[in-house]
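> give me coordinates for this.
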Amino acid sequence: MSKVAIITGSTGNLGKAVTSQMISAGFTVVGTYEPALNADDGHPKANYKPVDLLDANATKKFVLDIAEEYGRIDVVVCLVGGFAMSTLIDSNISDINEMIKLNFQTALNTVQPVLRVMKAQESLGNIILIGAKPAFEVNAFKSVFPYALSKSMVLNMAEVINADSQTNNARATVIVPSIIDTPPNREAMPNANFGDWVTPKSIAEKIEFVCSEAGRDLRQTVLKIYGNS
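Predicted structure coming up:
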């Protein structure tokens, strides 16, 4: 029986690459997308579900339904998020709350029921979270304060999961990309050197490695995938 991976935000630029990589590695993939969108351009072998990840009850039901349908959840990759530029002095509480909702709350709502499922399983599960370079560097943090703050909360959640990994039967890995080479980023920064950026495929390969037998001994892992940017 193949291992089961949930990928939130699976129809985005990074989500498509991760979905393809995990399916190529033999995983059964269940992807989420926003109910207002569609999965018409998704991977033909993935199972897509519309889920509002800001709705804790709906997300919990989705996770438990997947666990019941497939009998297990081995991996969850939390890719849903958002970005905004704003300094500490210019930010208001609405800016901060919006970033926390998109980057932390969506991950939290997914992780909580997944931990319950993984706790009941005999095999160790993988929770993959997406961090951000500014959350590690104060000079970058100050120019994107709400965004970096929300991503630091994601990092703290990973640390809590790993501190209790024997009880939860799960380990968390934080993937920290710099600028990802996507069409929206190219459009926003047309004069940049795109070769310095990291590709979605490169990030997807690292995620698949962490979840593979070769990566099974990794613990408390933070992977900084910066390329040359």
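> distance from the top strand by length along the chain to the middle of the chain?
Secondary structure assigned by DSSP state E gives strand 170-177 as the longest strand of the chain. With Cα atoms, centre = their mean, to the nearest Å as the basis, strand 170-177 stands 8 Å off its chain's centre.
> and stretch 143-153, by the same measure?
16 Å.
> what is the mean pLDDT for that stretch?
What stretch 143-153 shows for mean pLDDT is 95.
> neighbouring contacts of that stretch?
With Cβ atoms under 8 Å, 6 or more residues apart in numbering as the test, stretch 143-153 has contacts from 82-88, 91, 95-96, 98-100, 102-104, 130-132, 134-135, 140-141. In this view, the C-beta of every residue, glycine as well, is placed from N, C-alpha and C.
> which of those fall in strands?
Using DSSP E, those in strands are Ile130.
> make a PyMOL selection of the buried ones in the contacts of stretch 143-153.
In PyMOL syntax, the buried subset of the contacts of stretch 143-153 is picked out as below (16 or more other Cβ atoms under 10 Å):
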select buried, resi 83+86+91+95+96+98+99+100+102+103+104+130+131+132+134+135+141
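> quick one: which of the contacts of stretch 143-153 sit in helices?
The helices, defined by DSSP state H, take in 95-96, 98-99, 140-141 from those.
> what's the distance between the residue of the chain positioned farthest from its centre and Phe145?
In the chain, the residue that sits farthest from the middle, by Cα atoms, centre = their mean, is Ile89; the gap is 28.7 Å. Counting by Cβ to Cβ, to the nearest Å, the gap from Ile89 to Phe145 is 9 Å.
> and the angle for the lengthiest helix in the chain with strand 170-177?
Using DSSP H to define each element, the chain has its longest helix at helix 145-163. Angle of helix 145-163 versus strand 170-177, following axes from the mean of the first three to the mean of the last three Cα atoms, to 10 degrees, is 150 degrees.
> buried ones in helix 145-163?
For helix 145-163, the neighbour count (16+ other Cβ under 10 Å) marks 145-155, 157-158, 161-162 as buried.
> for Glu69, state which of the residues you listed is nearest.
Closest to Glu69 out of the buried residues of helix 145-163 is Ile161 (24.2 Å), distances taken as Cβ to Cβ.
> ok, for that closest one, nearest residue in space, not its chain neighbours?
Distance criterion Cβ to Cβ, 6 or more residues apart in numbering; nearest residue to Ile161, sequence neighbours excluded, is Ala172 at 4.0 Å.
> please apply the same query to Ile73.
That would be Val117: by Cβ to Cβ, 6+ apart, it lies 5.0 Å from Ile73.
> cool, and Arg219?
Per Cβ to Cβ, 6+ apart, closest to Arg219 is Arg171, 6.1 Å.
> could you double-check that that neighbour lies in contact with Asn162?
Yes: counting by Cβ atoms under 8 Å, Arg171 does reach Asn162; the two are 6.1 Å apart.
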